[in-house]
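*Asks:* okay, here's the prediction I keep looking at, along with the sequence it came from:
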Amino acid sequence: MIKSGLPIKTELTDIIKRNDWFDVEDLLSETDLLTSVWADEIAKAATQHIADNRWEAFALAGIRQYANATSLAEVKIANIAKQAGYSKSTFFRIFDNLTKYQLRLYQLVSQLSVEVYGQRLFAKPRSPLEFAHFTINLFYSADLTIPNDWVAMLWGKYGHLGHDKFHPQLPDIARKITQYTQKHRSLGYANLSVSDVHAVVCLYEREVLESRLGSQPSFPSPAQSLRWKRMLFGLVADPKILRRASSSGLHHSFLDFYDA
């Protein structure tokens, strides 16, 4: 629970500077605040990971434009181009149309959130339970910054590409998780392969995607984020730790939580 008395954005950024992450369940309704926090993190990551200056400028402009918009219709190509410092014709030469730009921006923000994750994750050792909470807090809060209608629109137009191409960042997440858990086996992590982790990462992303779609999306919900924290702990923790957790009333397999 956030209660230090500092301005809330200051408190959140202080938590991030310590290479931790805030409890997302406390902030599920604070999408404007989360978007502002993430826009700062993504902008810093963009300057380090985008080689094309024009794409970086258009990406940063898009991040800021969408962060301040109340609907997709509010964001205009002319405003993106103006903030980026380029002409509309340059925008069309690079992206062809607005929906292609939106897809590339969505995928870029998703990938840059993975870069933020890796930077913060490897900065300190964590127990399996701390790791599970950190990971879901970070990615669920990142998902909250992208409106359901934006994701639904993009999936409607580009879902035919398949889940792996729509979310190309998933293998990178799986690699980072595997590397971290292998590095810190002595803290009580299971011996996991990339394929073990990748299957669960894909399951998470598919469930979040499906919960965004339809006339009454269920995303976000505290039940979903908390269940995934338990599931991820069940995946990464050494079986000995899970047996002890089970004796305390916790389930001993991440799959026990999938239908909960």
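*Replies:* All right, it came through fine.
*Asks:* only C-alpha atoms for contact and neighbour calcs from this point on.
*Replies:* OK.
*Asks:* tell me where the stretch 51-200 of the chain has helices.
*Replies:* 53-67, 77-84, 88-95, 98-121, 128-144, 148-158, 163-166, 170-183, 194-212 (DSSP state H, counting those that start in this stretch).
*Asks:* quick check on A237: phi, psi?
*Replies:* Backbone torsions of A237, given as degrees, to the nearest 10, read phi -80, psi 140.
*Asks:* R18 too?
*Replies:* Residue torsions, per degrees, to the nearest 10, at R18 are phi -80, psi 10.
*Asks:* from S195, how far off is it?
*Replies:* Counting by C-alpha to C-alpha, to the nearest Å, the gap from R18 to S195 is 30 Å.
*Asks:* now I146
*Replies:* 28 Å.
*Asks:* the two: which has the busier surroundings?
*Replies:* I146 (17 against 13; other C-alpha atoms under 10 Å).
*Asks:* and the pLDDT for the more buried one?
*Replies:* The score at I146 is 89. That number is its pLDDT.
*Asks:* element containing A223?
*Replies:* In this assignment (DSSP states H and E), A223 forms part of helix 222-236.
*Asks:* and that helix with helix 170-183, angle?
*Replies:* 50 degrees (axes from the mean of the first three to the mean of the last three C-alpha atoms, to 10 degrees).
*Asks:* in helix 222-236, what counts as buried?
*Replies:* Using 16 or more other C-alpha atoms under 10 Å as the test for burial, helix 222-236 gives 224-236.
*Asks:* now stretch 204-217
*Replies:* 204-205, 208-209, 211-213.
*Asks:* and for stretch 182-190?
*Replies:* So for stretch 182-190, counting by 16+ other C-alpha under 10 Å, buried means 182, 185, 188-190.
*Asks:* ends of that stretch, how far apart?
*Replies:* Stretch 182-190: ends 8 Å apart by C-alpha to C-alpha.
*Asks:* could the helices of the stretch 51-200 of the chain go into CSV alongside distance to L27?
*Replies:* What follows is these, written out as CSV (distance: least, C-alpha to C-alpha, whole Å):
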stretch, distance to L27
helix 53-67, 16
helix 77-84, 28
helix 88-95, 34
helix 98-121, 18
helix 128-144, 8
helix 148-158, 17
helix 163-166, 27
helix 170-183, 24
helix 194-212, 17
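*Asks:* out of the helices and strands in the protein, which is least certain?
*Replies:* None of the helices or strands of the chain scores lower by mean pLDDT, DSSP states H and E than helix 239-247, at a mean of 76.
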